[in-house]
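Asks: let's see this in three dimensions:
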Amino acid sequence: MKRPFVSRPDDKAIERAIMTAKLYPLMSNAKWVKLIAVLIANRDLIQACKVKLIWEDVDVDRWLLIGEETSYQFDYYANAMEAMITGTPRLGWTVYKEIEWLDFPRFPRDTGEAQELHTIQLKIEEVSHFQIDASADNLRLYAYRRP
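Replies: Below is the predicted model:
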């Protein structure tokens, strides 16, 4: 089945969005690759992870898809991931510098089970130091700092 063409921002548009919003980057592509590898290795801990892209409102419904079939050099690469973020009209590739933050809610809306946020945070911190806001109900990992 042929996928419909969906316009996506190019590198210049992404850089303009970062500069216009005065976002300060907190993560490199290498750090993203290591983080995704740890999330995939610990997918049994992660029921849901919301994604906020730099040019979207907070209420846009996007989620990181991590499954048994996700593997390095198939779904994620040195500077982007393919088909790992939900939502329309976007399909296909998302470069790491498009992601503003990841949210791990304690109680994902579609499941009755709580996520173990402290355990997820410990696994994430095995990779590197990240800017994380943790509360009883949510764990947010920032890829950018806003002014």
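Asks: from here on, just use CA atoms for contacts and neighbour counts.
Replies: Fine.
Asks: assign the residue lying closest to residue 77 once chain neighbours are set aside to helix, strand or coil.
Replies: The spatially closest residue to residue 77, leaving aside those adjacent along the chain, is residue 33, at 7.1 Å (Cα to Cα, 6 or more residues apart in numbering). The three-state label given to residue 33 by DSSP: H, G, I helix; E, B strand; the rest coil is helix.
Asks: run a quick neighbour tally on residue 33.
Replies: A count of nearby residues for residue 33, using other Cα atoms under 10 Å, gives 20.
Asks: how about the helix or strand of the chain with the lowest mean pLDDT: buried residues?
Replies: For the chain, using mean pLDDT, DSSP states H and E, the weakest element among its helices and strands is strand 80-82, scoring a mean of 85. Within strand 80-82, the residues that count as buried by 16 or more other Cα atoms under 10 Å are 80, 81.
Asks: what's the mean pLDDT across whichever helix or strand comes after it?
Replies: Toward the C-terminus, strand 80-82 is succeeded by strand 93-95 as the next helix or strand (DSSP states H and E). The average of the pLDDT scores along strand 93-95 is 87.
Asks: for strand 93-95, packing partners?
Replies: strand 80-82 (3 or more Cα pairs under 8 Å, 6 or more residues apart in numbering; DSSP states H and E).
Asks: thinking again about what came up before, residues touching the residue nearest to residue 77, list them.
Replies: In this structure, residue 33 makes contact with 76, 77, 78, 79, judged by Cα atoms under 8 Å, 6 or more residues apart in numbering.
Asks: now swap in residue 116 and tell me
Replies: 45, 106.
Asks: which residues of this protein fall in strands?
Replies: All strands of the chain, identified by DSSP state E, fall at 24-25, 50-53, 80-82, 93-95, 99-105, 131-134, 138-142, 144-145.
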